[in-house]
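Asks: predicted model follows, preceded by the sequence.
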Amino acid sequence: MKIINFGSLNIDKVYAVDHIAAPGETISATGLTLNAGGKGLNQSIAAARAGAQVLHAGAIGPDGAFLEQLLKENGVDTSSLLHVEGESGHAIIQVDAAGQNSIVVSGGANHTLTEDYVRQVLDLAQPGDMVLLQNETNVVEPVLRTALVKGLTVCFNPSPVPTQPLPYNLVDIFLVNETEAAALAELPADNDPETILDNLGWAYPRSTIVLTLGEKGALCRSNGGNNVQKAFSVNAVDTTAAGDTFTGYFLAGLAQGKDLTLCLKEAAAASAMAVSRPGAALSIPARAEVEEFLKK
Ligand code: RIB
C-alpha cells in the first residue's frame with residue numbers, strides 16, 4: 001500500500017525574530033535561512049522517514065531542484081513530479097524566540113497542476129492506496145473527486161483553511177489543527193476542542209478525524225469512538241512542520257497496518273522531536289530516532 005501525496009513543494013524563507021510582527025509593525029530579523037518546505041513535501045518526507053512507500057505529485061520551477069533532490073534522498077518516488085517554467089512555491093516564515101511561527105505561502109509552481117495531470121497520476125494507484133492532499137495546490141477538488149471514483153482512501157489536511165466550498169464528504173481521514181477544525185465545523189476557534197471534534201464527528205460521521213492540539217496533544221474520532229493522545233514534553237525550538245510530521249507518521253502507521261493508538265503515539269513522538277529542532281523538512285526524525293525516543 002502506498003501513499004500518493006498531491007503536495008506543495010516550497011522554498012521556506014525563515015526569519016528568526018524576537019516576536020511575530022504585529023499589523024503595521026516593522027521589525028528586524030535576527031537571522032535568515034532558506035530551507036526545504038511545503039506542507040506536501042514535509043508530509044511526504046515524514047511518511048517516508050516513518051517507513052511508508054510514498055509517491056509525491058506536484059510541481060517545481062528550476063529553483064526547486066534541491067526540493068526534488070531531498071525527496072529522492074528520503075526514498076520518495078518523484079517520477080511523477082512536474083518541472084515547469086517560473087518560480088517554485090515559497091513561504092515567508094517568522095519564527096519567534098519561543099519557537100512559534102507565522103507563515104505566508106505563495107503558490108508558484110504548486111498552482112500550475114491540471115486535471116489531466118491528476119488523472120495521469122491517479123492511474124498509477126492500486127486498490128488500497130491512500131491519497132493525501134493539503135490546500136496548497138490548485139487541484140484539491142479534482143483530486144478528491146478522482147480519488148473517489150478510484151475507490152482510494154482520501155486523507156485531507158485542509159491547510160491553509162480553504163476559502164471555497166469543497167466536497168468534504170468525500171474525505172476519509174481529516175488531519176486538522178484547532179484553527180482548521182473550527183473553520184471546518186463552522187464554530188468560533190475559541191470553542192473547546194472536544195466540542196469542535198463532536199461537531200465535526202456529527203457533520204462527517206463516516207470520516208476519521210485527527211485533531212492536533214500542539215502542546216496539548218491530539219484527539220482522534222474514528223468509528224464513533226474517541227482516542228486521546230498526550231503530547232511529549234520537549235524544549236520547543238521551532239514548531240514549523242510539527243503538524244506535517246504528525247500527519248506523515250500517523251498515515252505511515254496506518255499504511256503499515258498499525259492500530260490507531262500506536263499510530264497516534266508514534267506521530268506525537270515524531271512531532272515533538274520535530275518541534276525540538278529548527279527548520280521544516282530537516283527537523284523530521286527518522287523512524288529509528290522515534291523508536292529510541294519512545295524507549296526513554
Ligand atoms: O507546515 C509548514 C509548512 O507550511 C512550511 O514548510 C511552509 O512551506 C508552509 O507550506
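Replies: That came through fine.
Asks: the residue nearest to V139 when sequence neighbours are not counted sits in which helix or strand?
Replies: Once flanking residues are discounted, V139 sits nearest to L113: 4.4 Å by CB to CB, 6 or more residues apart in numbering. (C-beta placed from N, C-alpha, C; glycine too.) Element membership for L113, per DSSP states H and E: none, as it lies in no helix or strand.
Asks: quick one: L113 and S80 touch, right?
Replies: No. At 10.8 Å, L113 does not count as touching S80 under the criterion of CB atoms under 8 Å.
Asks: identify the contacts common to the two.
Replies: Among the neighbours of L113, those also in contact with S80 (CB atoms under 8 Å, 6 or more residues apart in numbering) are A57.
Asks: show me which of the two is the more surrounded one.
Replies: Shown here are L113 and S80; by other CB atoms under 10 Å, L113 has more neighbours (22 against 15).
Asks: pull the contacting residues for the more buried one.
Replies: F6, A57, G58, A59, L82, T137, N138, V139.
Asks: now a ChimeraX select for only the buried ones of these.
Replies: Selection of buried members from the contacts of L113 for ChimeraX, criterion 16 or more other CB atoms under 10 Å:
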select :6,57,58,59,137,139
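Asks: out of the contacts of L113, which sit inside strands?
Replies: Of those, the ones assigned to strands by DSSP state E are F6, A57, A59, L82.
Asks: in stretch 273-290, what's buried?
Replies: In stretch 273-290, counting by 16+ other CB under 10 Å, buried: 273-276, 278-285, 287, 290.
Asks: now do the helix or strand encompassing D198: which elements does it pack against?
Replies: Secondary structure from DSSP H and E places D198 in helix 193-203. Contacts defined by 3 or more CB pairs under 8 Å, 6 or more residues apart in numbering; DSSP states H and E place helix 193-203 against helix 178-185, strand 208-212, strand 218-222.
Asks: how about the residues of the stretch 151-296 of the chain by the ligand?
Replies: Neighbours of the ligand within the stretch 151-296 of the chain, by CB under 6 Å from any ligand atom: T240, A241, G243, D244, A280.
Asks: let me know the closest of those to A189.
Replies: Of all these, A189 sits closest to G243, with 15.5 Å by CB to CB.
Asks: can I get the buried residues of stretch 273-290 in TSV including secondary structure and pLDDT?
Replies: As requested, those are arranged in TSV below (DSSP: H, G, I helix; E, B strand; the rest coil; pLDDT from 0 to 100):
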residue	secondary structure	pLDDT
M273	helix	97
A274	helix	97
V275	helix	96
S276	coil	96
P278	coil	92
G279	coil	90
A280	coil	90
A281	helix	93
L282	helix	92
S283	helix	94
I284	coil	97
P285	coil	98
R287	helix	97
V290	helix	98
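Asks: and which of those residues is nearest the ligand?
Replies: Among the buried residues of stretch 273-290, A280 lies closest to the ligand (CB to the nearest ligand atom), at 3.5 Å.
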